[in-house]
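Enquirer: Okay, here's the prediction I keep looking at, along with the sequence it came from:
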Amino acid sequence: MSSDPSRPPRAATVTVTATPRATSPAVPDATSGSAAGAGGTPAASEAPVPVDPGWLVTYDGQYVVDGQVDLEPNSPARGGTSGVDLRITGVVGGKAYLAPDNDAVMARVPDGEPVPGPTRCREIATTLSEGRTVIPVPGDRFCLRTAEGCPRYFKVVSVDNDAESPKLRIDLLGWAGQ
């Protein structure tokens, strides 16, 4: 290609591909309370985020549940016992047990139901709650109503049943509003 000094250089064509919402959030880790940053593990949400009128998505990303967590107000964080919404209660028979705490309630999302919006998720947690601990496995889906009444949806991505320090990696979706 010859270069003519009297002609301005041609602009290069650049193609930009948007990163889908599901791969861009940083990964908060309950053990440190910080995000993993730009190199964090991408979230793997299964569908577009459902939003009902009057509700705002306050959290959408992967999260590590390690011990006990407070899922309020906008970002999950390790909490003292008064703010705990969800906890791993221990490992029995090689399986980690998961339970809501304080005034939070939790229930499995019925099989075949799409990712629920905040109103439906709060309804599932409230009406289908069995009030007991569960042994989570990858793929399990839950709705939780926090002690403050906010709905949270999560899908278990992985389970580490280490007896000393059990952990769950979850895709977590949270809303605030009505």
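Expert: It's in.

Enquirer: those helices in this structure, which residues are they?
Expert: For the chain, the helices defined by DSSP state H cover 118-128.

Enquirer: Would you mark the buried spots in stretch 86-103?
Expert: Leu86, Arg87, Ile88, Val91, Ala96, Tyr97, Leu98, Ala99, Pro100, Asp101, Asn102 (16 or more other Cβ atoms under 10 Å). (C-beta placed from N, C-alpha, C; glycine too.)

Enquirer: Am I right that Ala96 is in contact with Asp66?
Expert: No: in this structure Ala96 lies outside contact range of Asp66 using Cβ atoms under 8 Å: 10.6 Å.

Enquirer: Torsion angles phi and psi at Glu113?
Expert: Dihedral angles phi and psi of Glu113 (degrees, to the nearest 10) take the values phi -80, psi 140.

Enquirer: Number of residues surrounding it?
Expert: Close neighbours of Glu113, defined as other Cβ atoms under 10 Å, add up to 12.

Enquirer: residues contacting it?
Expert: Glu113 makes no contacts at all, as judged by Cβ atoms under 8 Å, 6 or more residues apart in numbering.

Enquirer: For the chain, give me the ranges with low pLDDT.
Expert: Counting by pLDDT under 70, the chain shows low-confidence ranges at 1-48, 73-82.

Enquirer: Show me the strands in it, by range?
Expert: Remark: strands assigned in the chain by DSSP state E are 55-65, 68-69, 86-92, 95-100, 105-108, 141-145, 151-160, 167-177.

Enquirer: Give me the helices and strands touching the shortest one, please.
Expert: Spelled out, it's strand 68-69. Helices and strands touching strand 68-69, as assessed by 3 or more Cβ pairs under 8 Å, 6 or more residues apart in numbering; DSSP states H and E, comprise strand 86-92.

Enquirer: and the strand it packs on, what other elements does it pack with?
Expert: Judged by 3+ Cβ pairs under 8 Å, 6+ apart, strand 86-92 is in contact with strand 68-69, strand 95-100.

Enquirer: mind checking how far the nearest residue to Ser158 once chain neighbours are set aside is from Asp66?
Expert: The spatial neighbour of Ser158 that comes closest, neighbours along the chain excluded (Cβ to Cβ, 6 or more residues apart in numbering), is Arg169 at 4.5 Å. Relative to Asp66, Arg169 is positioned 10 Å away (Cβ to Cβ, to the nearest Å).
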